[in-house]
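# Any chance you can model this:
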Amino acid sequence: MNGVGDHAIWHIELLNRSYMRALDRKDMQGWLATFTSNGSYICISEENERRGFPIAYMLDDCYARLQDRVIQVLDIQDDAIEHYQPRHFSQLIDIEPLRGGHYRVESNFSVTYTPADTGRSALLATGQYIDEVAVNGTAKFVQRKAVVDTNVLPRYIAYPI
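Sure, this is the predicted structure:
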């Protein structure tokens, strides 16, 4: 994290907390607010990422698709999926300055879930976030890529990782 000031690190940590808090509270508008107006979100398996395969669990490659994700979760999926309570945990691993207040950020993550019908928690996914973050007074994701360690998850993913 050489060349990265405490100010940038602090804002990036706050951004990551806001992201996790929004998803754990199922606050999709709060989740959307963590992205820039040209932001994107990708959730992909490590194997597909490594091999350069463009097949992803979620591929919201522009802000309009991020907005569609919010509508899908709040309106379309509301009565069509088995809901669960997610809990996100992450650890900042590295920050590298890019240009003009942008940073490449790596964090390890794990997400647990508790289905409403069983009340038994289990591990949903582990992996690494590889992000581009813009810091200008506050921090926002230009791109968040969740690279999931496995290409088989224990259940359907209803919410972003």
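
# what about the longest helix in the chain?
In the chain, assigned by DSSP state H, the helix with the most residues is helix 6-24.

# right, and the helix or strand after that helix?
Per DSSP states H and E, the first helix or strand lying C-terminal to helix 6-24 is helix 28-32.

# tell me the mean pLDDT for that next one?
For helix 28-32, the mean per-residue pLDDT is 97.

# Sort out which residues of whichever helix or strand comes after that helix are buried, please.
Using DSSP H and E, the next helix or strand after helix 28-32 towards the C-terminus is strand 35-45. Residues of strand 35-45 classed as buried: Phe35, Thr36, Gly39, Ser40, Tyr41, Ile42, Cys43, Ile44, Ser45 (neighbour count, 16 or more other CB atoms under 10 Å). No exception for glycine: its C-beta is placed from N, CA and C like everyone else's.

# ok, so what distance separates the second one from Phe141?
So that's Thr36. According to CB to CB, to the nearest Å, Thr36 and Phe141 sit 7 Å apart.

# quick one: low-confidence ranges for this protein?
Scanning the chain for pLDDT under 70 picks out the ranges 1-3, 77-81.

# Going along the chain, name the strands of it.
With strands called from DSSP state E, the chain shows them at 35-45, 58-60, 84-97, 102-115, 122-136, 138-148.

# Pick the most buried one from these.
Most buried of these by mean neighbour count (mean count of other CB atoms under 10 Å) is strand 138-148; its value is a mean of 21.
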